[in-house]
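Enquirer: need the 3D shape of this:
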Amino acid sequence: MKIAVVGTGYVGLVSGTCFAETGNIVTCIDIDKGKIDKLSYGVVTIYEPGLEKLCERNLKEDRLKFTTSLSEGIKDAQIIFLALPTPPGEDGSADLKYVLGVANDLGKLIEPGNFTVIVDKSTVPVGTAERVAGAIVQHSNGRLVEGKDFDVVSNPEFLREGVAVDDFMKPDRVVIGALTDQAKQIMGHLYAPYVRQCNPILFMDRRSAELTKYAANSFLATKITFMNEVARICELLGADVDMVRRGMGSDERIGKRFLFPGIGYGGSCFPKDVQALAKSAEEVSYNFRILEAVMNVNEEQKTYIIPRIKKYFNGNLKGKHFALWGLAFKPNTDDIREAPALYIIRELLNAGATIKAYDPEAMDNVRALLGDSIEFADNPYEALKNADGLIIATEWNEFRTPEFDKVGSLLKNKVVFDGRNLFDLQLMKELNFYYYSIGRETINPK
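Expert: Just a heads-up that it's a prediction; the model follows:
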């Protein structure tokens, strides 16, 4: 099939490359010429394990192309994916200016007579498919008829950063909201190679498909936030959140995933999707009280570790120097959007402390954002030199089993504040570290 993907951000680039991998002819379109030039030479503009190799292979096989021209990119395309940003506005609602702007252009470019499927791949509010269809009809000056010349489909993505290629190639499910049987047939054919293990393609109406994405992400964010609240209670009651987590996760009705406590969720999806769903509820006069609590608790959780650090240093962080391991909002990505590390950095700097940070992938992004307000290390151990304490903000695998003797010798004091619960309590006790983690016993050699 011939496919066009408008937008080469995270979702667009992964989707376009993975569609090409199963033999489709894919053209990815973006207005950023610098990005398109890099991608055309196989230089992937995001960090995602496995993506660069797929991109190089499909460029070589001439199944994957990149262009800045919308008219060139959609020419003869049977399916056009819209993978465009939907950033939150000041009121929390999703901003659809990019999606509707391209819809306006498509109305002028699509020719009648050849049925075209327009796919909302971006995470969008309920009713967006109808607005996109209306914009296309309006700007076609009556040339195009919805249901006859085109259909707008909702096909939300469920990609996890760090494992997005695997998620795309072997999805748990594919959600498709369509108006016409013809669009359902085309989309079913497109996704058939990805669901050979009997994972379902779920066909539904467009509004239900749009809401499914928001509901799924909001539920996962709620699950994370619930465990963070449980961790707080564990600290007050003298319980161990790891034991509680295992006990809960063994119940098949609850499951083991998304039960790890820490310093809050971040990234491009959970924060804005929870906010957008709450806003959508508000617009129909419904107060989604659970989501209000989730947003408030998560905002607090990002800096939950700061008062514990201040307490250890008798309330005064001025002149203190900290090593920070982890800047990305999660491991295996360079994404720093809403990363808890950024909130921790802000609080420490405001308190008069200095920071030297290390992250395997995200340092360039933080350097572009923060400049020289913090230092950056070439490796984890360099960050530790003469630091008053180590703070862990991202659970990269390379942080899980460090040389603890080396860690202790490089730090001024053997002090660790672990926002991701990476280390064993008994081990830290035997190594004579002061060790604070979330929802567990604080190890204090004194």
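Enquirer: the stretch 201-350 of the chain: strands as residue ranges?
Expert: 201-204, 321-325 (DSSP state E, counting those that start in this stretch).
Enquirer: what comes up buried for the lengthiest helix in the chain?
Expert: Criterion DSSP state H: the longest helix present in the chain is helix 206-237. Buried positions in helix 206-237, judged by neighbour count with 16 or more other C-beta atoms under 10 Å: 206-207, 209-214, 216-218, 220-228, 230-232, 234-235. Glycine gets a C-beta too; all of them are placed from N, C-alpha and C.
Enquirer: by contact count, what packs against that helix?
Expert: helix 128-139, strand 150-154, strand 174-177, helix 241-249, helix 270-283, helix 289-301 (3 or more C-beta pairs under 8 Å, 6 or more residues apart in numbering; DSSP states H and E).
Enquirer: what element comes up after the shortest one heading to the C-terminus?
Expert: For strand 174-177, the succeeding helix or strand toward the C-terminus, using DSSP states H and E, is helix 181-191.
Enquirer: for that next one, list every residue counted as buried.
Expert: Neighbour-count burial for helix 181-191 [16+ other C-beta under 10 Å]: 183-184, 186-187, 190-191.
Enquirer: what's the spacing between the closest residue to Gly408 other than its chain neighbours and Glu292?
Expert: Nearest residue to Gly408, sequence neighbours excluded (C-beta to C-beta, 6 or more residues apart in numbering): Lys414, at 4.6 Å. Using C-beta to C-beta, to the nearest Å, Lys414 is found at 41 Å from Glu292.
Enquirer: how about the helices in the stretch 51-200 of the chain?
Expert: 51-60, 70-74, 97-109, 128-139, 164-169, 181-191 (DSSP state H, counting those that start in this stretch).
Enquirer: let me know the angle separating the fourth one from helix 97-109.
Expert: Orientation check (axes from the mean of the first three to the mean of the last three C-alpha atoms, to 10 degrees): helix 128-139 against helix 97-109 gives 40 degrees.
Enquirer: does anything pack onto helix 128-139? Which helices or strands?
Expert: helix 97-109, strand 116-120, strand 150-154, helix 206-237.
Enquirer: that helix vs strand 116-120, what angle?
Expert: 130 degrees.
Enquirer: before we move on, what about the last one?
Expert: Using the same axes, to 10 degrees, the inter-axis angle of helix 181-191 relative to strand 116-120 is 70 degrees.
Enquirer: show me how far helix 181-191 is from its chain's centre.
Expert: On the basis of C-alpha atoms, centre = their mean, to the nearest Å, helix 181-191 sits 28 Å off its chain's mean C-alpha point.
Enquirer: number of nearby residues for Asp172?
Expert: If you count neighbours by other C-beta atoms under 10 Å, Asp172 ends up with 9.
Enquirer: can you pull the contacts of the residue nearest to it when sequence neighbours are not counted?
Expert: Using C-beta to C-beta, 6+ apart and skipping residues adjacent in sequence, the residue nearest Asp172 is Asn199, 5.9 Å away. By C-beta atoms under 8 Å, 6 or more residues apart in numbering, the contact list for Asn199 reads 170-174.
Enquirer: so which of these is surrounded by the most neighbours?
Expert: Val174 (21 neighbours).
Enquirer: phi and psi next, for Val195.
Expert: With angles defined as degrees, to the nearest 10, Val195 sits at phi -120, psi 30.
Enquirer: how close does it sit to Lys279?
Expert: 33 Å.
Enquirer: go on, Lys414?
Expert: 46 Å.
Enquirer: circling back: in JSON lines: the buried residues of helix 181-191, plus distance to Gly134 and pLDDT.
Expert: Compiled in JSON lines, the buried residues of helix 181-191 are given as follows (distance: C-beta to C-beta, whole Å; pLDDT from 0 to 100):
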{"residue": "Ala183", "distance to Gly134": "17", "pLDDT": "97"}
{"residue": "Lys184", "distance to Gly134": "21", "pLDDT": "97"}
{"residue": "Ile186", "distance to Gly134": "21", "pLDDT": "97"}
{"residue": "Met187", "distance to Gly134": "21", "pLDDT": "97"}
{"residue": "Leu190", "distance to Gly134": "25", "pLDDT": "97"}
{"residue": "Tyr191", "distance to Gly134": "26", "pLDDT": "97"}
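Enquirer: picking that back up, most tightly surrounded among the strands of the stretch 201-350 of the chain?
Expert: strand 321-325 (a mean of 25; mean count of other C-beta atoms under 10 Å).
Enquirer: partner strands of it, parallel or antiparallel?
Expert: According to DSSP bridges, strand 321-325 forms sheet pairs with strand 354-358 (parallel), strand 389-392 (parallel).
Enquirer: which one of those is the most hemmed in?
Expert: Ranked by mean neighbours (mean count of other C-beta under 10 Å), the strands paired with strand 321-325 are led by strand 389-392, with a mean of 25.
Enquirer: ok, then the element right after that one?
Expert: Elements were assigned by DSSP H and E; along the chain past strand 389-392, the next helix or strand is helix 404-410.
Enquirer: using CSV, list the CA coordinates for that next one.
Expert: The C-alpha coordinates for helix 404-410 follow below in CSV (Å, rounded to 0.1, in the frame of the first residue of the first chain):
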residue,chain,number,x,y,z
PHE,A,404,29.6,0.8,45.3
ASP,A,405,33.1,1.1,46.7
LYS,A,406,33.9,3.6,43.9
VAL,A,407,30.6,5.5,44.5
GLY,A,408,31.4,5.8,48.2
SER,A,409,35.0,6.9,47.7
LEU,A,410,34.1,9.6,45.2
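Enquirer: show me what that helix is packed against.
Expert: Against helix 404-410 (3+ C-beta pairs under 8 Å, 6+ apart) you get helix 380-384.
Enquirer: who's in contact with the helix it packs on?
Expert: Counting by C-beta under 8 Å, 6+ apart, 323-325, 356-358, 377, 390, 398-399, 402-403, 406-407, 410-411 sit against helix 380-384.
Enquirer: let me know the pLDDT of Ile233.
Expert: We have a pLDDT of 97 for Ile233.
Enquirer: would CSV of the helices and strands packed on helix 128-139 with distance to Pro88 be doable?
Expert: Formatted as CSV, those follow (distance: least, C-beta to C-beta, whole Å):
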stretch, distance to Pro88
helix 97-109, 12
strand 116-120, 17
strand 150-154, 19
helix 206-237, 12
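Enquirer: quick one, which of those is nearest to Thr22?
Expert: strand 116-120 (16.2 Å; C-beta to C-beta).
Enquirer: strand partners of that closest one, parallel vs antiparallel please.
Expert: Sheet partners by DSSP bridges: for strand 116-120, these are strand 79-82 (parallel), strand 150-154 (parallel).
Enquirer: got JSON lines for those strands, with mean neighbour count and mean pLDDT too?
Expert: Below are those laid out as JSON lines (neighbours: other C-beta atoms under 10 Å; pLDDT from 0 to 100):
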{"stretch": "strand 79-82", "mean neighbour count": "26", "mean pLDDT": "98"}
{"stretch": "strand 150-154", "mean neighbour count": "27", "mean pLDDT": "97"}
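Enquirer: out of these, the one nearest Lys121 is which?
Expert: strand 79-82 (4.7 Å).
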